[in-house]
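*Asks:* below is the structure, and that's it, no one-letter string:
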């Protein structure tokens, strides 16, 4: 047996789970939420108990510090030396990584070089790695890449219609993200809801501060919404999602701002934050929308319509669908957003939804479609951390 730590650093969160492997027993779990806010939240669950504190969380370094202190403070481990491997979710592997690797200086340099493709996450990944390296010297760390699952896409699904020499010279193509989550949802969806199906067609919706969808056929990704970077696809907490490319040139001309400055706006000041004018946190926007705030209502409707558009697109790409999965922060916890999305597609796709079951459902696996629905619809909490822990345990065994 071995204790392994799986770390999932998102743009505004740090999720973690400490596993006893190989049985996959979760010794503790939790997250630092609202990173970058003065009212950040740190939570840890262990031994049937839960602790929660609210405090300023200026960056990911502070979140890692709190996590490591909590492990010994609450007796989850007697010593940090009990941890035998740390696995980090890394969004962008570019052309360098098609599988998990040791997170060392060489890997860190390549990940850092990919920051232009992932400006929100790459710095968080590196901060987390350095913090754990300092706290747990000599403990192996691995990087598990979100882009790996999407490597099964065909050229017509990942190529951009630009001069081909630019694609080849600069590796400019669709990479996608959230692959670890989409892979887990595919496996879990098949096991729990599609037993006995010879072939499976799944549309997985990972909807959170960062959001993406994937079309998965027989367990392999055939299409995904995010593009060259996590900026593409549906709108998100602070990101635009897909735009007419001329918006960049037009707004730079109008405002006098540089491409770099406008790209920063597209990444960090747009999405829910930009449209609502209130917050990048969908819980804040949802609350305001339900109270009648017009801009917040526009934001939630825009998000729901963009997700619905991709569900329809992937239904066609797969030649139908057997299962639609909602997951991640919004997908798992907001019946309001699920309802808005499903209302946009239910007539076209022949869905029958139990909305009374859907509305209060939070963080729990459940089928929310009715028996006469043409496509099953389920909420499945994602577990990227377990997928990371599996690779950690493999690393330990290979080194033994």
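*Replies:* Everything's here; your move. A quick note: this is a predicted structure, and the numbers were derived from the prediction, not measured.

*Asks:* ok, residue 146 to residue 97 distance?
*Replies:* 10 Å (C-beta to C-beta, to the nearest Å). Any C-beta I mention is one placed from the backbone N, CA and C, and that applies to glycine too.

*Asks:* show me where this protein dips below the pLDDT cut-off.
*Replies:* Scanning the chain with the threshold set as pLDDT under 70 gives 400.

*Asks:* how about the strands in it?
*Replies:* Taking DSSP state E, the strands of the chain run over residues 2-9, 14-21, 25-33, 40-46, 49-55, 83-90, 101-102, 141-145, 201-207, 211-217, 220-224, 323-327, 366-367, 376-379.

*Asks:* tabulate those (TSV), appending mean neighbour count and distance to residue 123.
*Replies:* Shown next, in TSV, are those (neighbours: other C-beta atoms under 10 Å; distance: least, C-beta to C-beta, whole Å):
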stretch	mean neighbour count	distance to residue 123
strand 2-9	25	9
strand 14-21	22	13
strand 25-33	20	16
strand 40-46	19	17
strand 49-55	11	22
strand 83-90	25	12
strand 101-102	16	19
strand 141-145	25	14
strand 201-207	28	21
strand 211-217	27	20
strand 220-224	22	23
strand 323-327	27	25
strand 366-367	15	36
strand 376-379	23	31
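
*Asks:* what's the closest of those strands to residue 272?
*Replies:* strand 211-217 (10.2 Å; C-beta to C-beta).

*Asks:* tally of neighbours for residue 184?
*Replies:* Using other C-beta atoms under 10 Å as the criterion, residue 184 is surrounded by 25 other residues.

*Asks:* next one: the one 4 residues further on
*Replies:* Residue 188 sits with 20 neighbouring residues when counted by other C-beta under 10 Å.

*Asks:* roughly how far does the nearest residue to it once chain neighbours are set aside sit from residue 205?
*Replies:* Spatially, and ignoring its direct neighbours in sequence, residue 188 is nearest to residue 380 (5.4 Å; C-beta to C-beta, 6 or more residues apart in numbering). Using C-beta to C-beta, residue 380 is found at 10 Å from residue 205.

*Asks:* give me the common contacts of those two.
*Replies:* 325, 326, 327 (C-beta atoms under 8 Å, 6 or more residues apart in numbering).

*Asks:* dump the residue contacts of the residue nearest to residue 188.
*Replies:* 185, 188, 189, 192, 325, 326, 327, 332, 365.

*Asks:* quick one: the helices in the stretch 101-250 of the chain?
*Replies:* 105-113, 122-135, 155-158, 164-170, 179-193, 246-255 (DSSP state H, counting those that start in this stretch).

*Asks:* highest average neighbour count across those?
*Replies:* With neighbours defined as mean count of other C-beta atoms under 10 Å, the helices of the stretch 101-250 of the chain peak in mean count at helix 179-193, which reaches a mean of 22.

*Asks:* related to what we said a few turns ago, quick one: closest of the helices of the stretch 101-250 of the chain to residue 33.
*Replies:* Using C-beta to C-beta, the helices of the stretch 101-250 of the chain put helix 122-135 closest to residue 33, at 13.6 Å.

*Asks:* list the contacts of whichever helix in the chain runs longest.
*Replies:* In the chain, assigned by DSSP state H, the helix with the most residues is helix 294-318. Helix 294-318 has contacts (C-beta under 8 Å, 6+ apart) with 201, 203, 205, 207, 211, 213-215, 217, 222-223, 225, 233-235, 241-242, 272, 275-278, 282, 285-286, 288-289, 321, 324, 336-337, 340-341, 344-345, 348-349.

*Asks:* how far off strand 201-207 does that helix point, in degrees?
*Replies:* Comparing the axes of helix 294-318 and strand 201-207 via axes from the mean of the first three to the mean of the last three C-alpha atoms, to 10 degrees yields an angle of 160 degrees.

*Asks:* list the buried ones in helix 294-318?
*Replies:* Across helix 294-318, burial judged by 16 or more other C-beta atoms under 10 Å covers 296-297, 299-300, 302-304, 306-311, 314-315, 317-318.

*Asks:* do the same with stretch 68-85
*Replies:* 68, 70, 71, 76, 77, 80, 83, 84, 85.

*Asks:* may I see these organised as CSV, with distance to residue 37 added?
*Replies:* Listed next are those as CSV, based on distance: C-beta to C-beta, whole Å:
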residue, distance to residue 37
68, 21
70, 19
71, 24
76, 26
77, 29
80, 28
83, 28
84, 33
85, 31
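
*Asks:* count of neighbours near the spatially closest residue to residue 167 that is not a sequence neighbour?
*Replies:* Excluding the flanking residues, the one nearest residue 167 by C-beta to C-beta, 6+ apart is residue 173, at 5.9 Å. By the criterion of other C-beta under 10 Å, residue 173 has 19 neighbours.
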